[in-house]
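**Q** Here is my input, please return the structure:
(one chain, ligands or ions: 1)
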Amino acid sequence: MFDYIANSQPNIIIISDRITHMSIWEAMKIFIIRRRLLSNMIPKECKHPLEEWMAIKARMTFKKNRDLRERIGKNKLEEVTRKDFDEYQLFCVRRQMKYAEENSPYYRDKFKNAGVKPEDINTWDDLQKIPFTEPSDLAKNSMYFYAVSRTKLAREFTTTGTTGHRKFIGYTTNDLVSKIDIVASALKNIGMTSEDSLHIMFPLVTAWDPSIIMAGACKILGYKSSICSDPDVDKQLTTIKENKTTYIIGVPSFIYRITTLLEKTTPLKNLGIKKVISTSEPLPESLRHSLEETWGCKVLDVWGITEFGLACAVECDSQDGLHTDEANMLFEIIDPETGKHVPDGTFGELVITSLHAECSVLIRYRTRDIAAMIAPPCKCGAHFNRRLAKPKGRMDLQSKIGMGHKIYPILFDEVIFSNKSIVDYRVKITKEGYKDTLTFELETDTQTDVLKEKIIDDVSRITEIKQGLEEDLINKPRVTFVDPGTMKYTVKAKKILDCRENFE
Ligand SMILES: [Zn+2]
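**A** Reported below is the predicted structural model:
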C-alpha cells in the first residue's frame with residue numbers, strides 16, 4: 001500500500017499527491033480504505049475526537065456481541081462510562097487471547113504452560129494471571145508470534161530498537177487500516193483538517209520509518225503532507241515554504257536541532273505553523289517551551305512504539321497527559337521488580353496488550369518504558385479515557401549513580417535544553433576511586449565560563465545528582481564544549497555513555 005514511498009531514495013523530499021493525481025487503481029484502493037475508517041464517523045463539532053472514536057469502536061463491538069451486552073447490562077451504549085469501557089477492554093482481551101490460542105504458536109504454548117484460559121479473565125486483577133511477553137522473546141522468534149501466514153501480510157516492519165534486538169512486526173490490511181484510523185483520529189484531535197499541510201520531519205531511519213505510515217495515512221485521509229529527513233536546514237525551510245506547511249511532526253531532538261540552526265536567519269513565527277507535534281522520543285518541558293516560543297504555537301507530544309504503531313498516546317491542547325488508544329490497546333503499569341499492578345499516578349513499567357491485532361498479536365508485552373497512568377476526566381472534556389503521564393524514557397537507557405539513584409536522559413534534557421544556545425549534548429559517566437563523575441559535552445557556539453558554571457549549577461540541582469553530592473559519592477559535574485555541527489546526530493543516539501568498568 002505504501003510502496004511508492006518505501007522505494008524512494010534516502011533524504012529525498014517526497015510530496016504526497018492529492019487523489020486527482022493518482023492512478024485509477026490506487027485511487028480506488030484509497031477510496032475503499034477511506035470508507036472503512038471509523039474516524040469518518042466522528043461528528044465535525046466533536047470536542048474530543050479521539051475519545052469519540054474509541055466510543056464508536058466500543059459501541060460497534062457492543063452491538064455485535066451478546067456476551068459484552070450482558071456484561072455491561074444495558075440495551076444501548078449511548079454514553080460510554082469508564083466501567084462500560086473496562087468491560088469492552090476485558091471482552092477484547094478474552095477474544096484476542098482465544099484468537100492467539102488458535103492462531104499464534106507462541107501463545108498456544110504460553111497459555112498452555114501457564115494454565116490460563118480466556119474465560120479466566122473477568123476483572124482488571126485477573127489480567128495478572130496472564131504471563132508477560134518479553135521483548136527478547138519477540139526478538140528471538142518473531143515469526144512464532146504471527147497469527148497469519150506471512151504471504152497474507154500487507155506490510156512488515158523490522159526494528160532493532162535501542163537494545164540491538166531485531167524484531168519483525170507484521171500487518172494485515174485490517175491491521176494497517178486500524179493504524180491509519182488511530183492516526184486519523186489523532187490528527188483530528190490535534191486540530192488538523194483537509195485544508196492543512198503536514199511536514200514530516202524524522203531523521204532517516206533504515207528499517208522502521210514512521211514517515212511511511214504517517215505519509216501513507218495522510219494520503220488516504222486526503223491530507224497534504226511532505227517528508228524531509230535531510231539535516232540541511234535550507235532544504236527543511238524550502239519544503240516547509242513550498243508546501244505551505246501548517247503542522248510539523250517529528251523527533252524532538254531533530255526538530256530542536258533544525259529550529260536552533262534555522263532561527264538564526266529566519267523568523268519562524270511568521271511561517272504560520274499551527275502546531276508542532278513531537279514523537280518517538282520523550283519531550284522535555286524546557287524543550288517544549290523553547291519550541292513553542294520560537295514557532296509561536298503549541299507543541300504537543302505523541303507517544304508510539306514500533307510494536308504497536310505510531311500514535312499509541314496523543315496529547316490534547318490541555319497538555320496534561322497523553323490520551324491513550326484504548327480502543328486498540330490495553331495499558332497496564334507494573335512494578336518492574338514484582339510484576340504487580342501499581343496504582344494510577346505511580347510510575348512503573350508500561351505493559352501493553354493488543355486488542356484487535358490479526359498478525360503480530362502481543363499480550364501483556366513489557367515495553368521497558370517507564371510511565372504512569374492518569375485517571376479520567378481530562379480538562380478537554382474527555383471523560384472515560386485514561387491518559388499516560390509523560391513517559392520518562394526506556395529502562396535500558398537508565399543508569400545508576402551514587403547510592404543507586406536512577407538517571408534518565410530526560411532529566412538532563414530538561415535542564416540543558418532550557419539554554420537556547422545548546423544544540424545537543426552527551427554525558428559520560430566515569431569512576432574515579434569510589435566516586436562517579438559526570439562529564440557533559442555540550443554542542444554550542446556560546447563557549448563561555450558563564451555557561452559552563454550555569455550548567456554545572458543547574459545539573460547539580462537535579463534531585464538524583466544533589467543526593468549523590470550530599471552522600472559524597474559523586475564528584476562535582478564537569479563541562480566541555482564542541483562547536484555546532486560537529487556532534488553527529490543519529491536517531492536513538494545514547495545520550496548517557498556509561499564508561500565505568502564492572503558497573504552493574
Ligand atoms: Zn484531554
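**Q** show me what contacts residue 478?
**A** With contact taken as Cβ atoms under 8 Å, 6 or more residues apart in numbering, residue 478 is in contact with 437, 438, 439, 440, 456. The way it works is simple: take the backbone N, C-alpha and C, and place the C-beta from them, glycine included.
**Q** Same question for residue 483.
**A** Contacts were defined as Cβ under 8 Å, 6+ apart; by that measure residue 483 touches 443, 445.
**Q** any idea how far it lies from the ion?
**A** 42 Å (Cβ to the ion, to the nearest Å).
**Q** Next one, pLDDT for that residue please.
**A** Each residue has a pLDDT score; the one for residue 483 is 86.
**Q** Residue 315 too?
**A** The predicted local distance difference test score for residue 315 is 96.
**Q** What parts of the protein come near the ion?
**A** Listed as neighbours of the ion in the chain under the rule Cβ under 5 Å from the ion: 316, 318, 378, 380, 382.
**Q** From the structure, what's the count of residues near the fourth one?
**A** Translated: residue 380. Applying other Cβ atoms under 10 Å, we find 20 other residues in the vicinity of residue 380.
**Q** hmm, back to that, what about the residues of the chain next to the ion, which are in strands?
**A** Secondary structure defined by DSSP state E assigns none of these to strands.
**Q** Among those, show me the least confident.
**A** Lowest pLDDT among these: residue 380, with 92.
**Q** okay, now the closest residue to that residue other than its chain neighbours: neighbour count?
**A** Closest residue in space to residue 380, ignoring its immediate chain neighbours: residue 316 at 4.3 Å, by Cβ to Cβ, 6 or more residues apart in numbering. Neighbourhood size, residue 316 [other Cβ under 10 Å]: 25.
**Q** Please tell me I have it right and residue 316 contacts residue 378.
**A** Yes. Checked against Cβ atoms under 8 Å, the pair residue 316 and residue 378 is within contact range at 6.5 Å.
**Q** Which neighbours do those two have in common?
**A** When contacts are counted by Cβ under 8 Å, 6+ apart, residue 316 and residue 378 are jointly contacted by 48, 323.
**Q** in the stretch 301-450 of the chain, which segments are predicted with low confidence?
**A** Counting by pLDDT under 70, the low-confidence segments of the stretch 301-450 of the chain come to 393-396.
**Q** Would you map the helices across it?
**A** Counting by DSSP state H, counting those that start in this stretch, the stretch 301-450 of the chain forms helices over residues 409-416, 449-460, given from the N-terminal end onward.
**Q** Give me the residues contacting the shortest one.
**A** Read it as helix 409-416. Contacting residues not belonging to helix 409-416 are listed as 282, 284-287, 392-393, 397, 422, 425, 427, 440, 442, 455, 458-459, 461-462, 464, 495-496 [Cβ under 8 Å, 6+ apart].
**Q** Sort out which of those residues are buried, if you could.
**A** Neighbour counting by 16 or more other Cβ atoms under 10 Å classes 282, 284, 286-287, 392-393, 397, 422, 425, 427, 440, 442, 455, 458-459, 462, 464, 495-496 among the contacts of helix 409-416 as buried.
**Q** before we move on, back to that, out of the residues of the chain next to the ion, what pair is the most spread apart?
**A** Distances among the residues of the chain next to the ion were taken as Cβ to Cβ; the most separated pair is 318 and 382, at 9.2 Å.
**Q** how about the helix or strand in which residue 54 is found: buried residues?
**A** Here residue 54, judged by DSSP states H and E, is contained in helix 49-64. Neighbour counts using 16+ other Cβ under 10 Å place 49-59, 61-62 of helix 49-64 among the buried residues.
**Q** CA atoms only: put the following helix or strand past that helix into PDB for me.
**A** Of the helices and strands lying after helix 49-64 in sequence (DSSP H and E), the nearest is helix 66-72. Once non-C-alpha atoms are left out, helix 66-72 reads as follows in PDB (Å, rounded to 0.1, in the frame of the first residue of the first chain):
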ATOM      1  CA  ARG A  66     -24.300 -10.500  23.100                       C
ATOM      2  CA  ASP A  67     -21.700 -11.500  25.800                       C
ATOM      3  CA  LEU A  68     -20.500  -7.900  26.000                       C
ATOM      4  CA  ARG A  69     -24.100  -6.600  26.200                       C
ATOM      5  CA  GLU A  70     -24.900  -8.900  29.000                       C
ATOM      6  CA  ARG A  71     -21.700  -7.900  31.000                       C
ATOM      7  CA  ILE A  72     -22.400  -4.200  30.500                       C
END
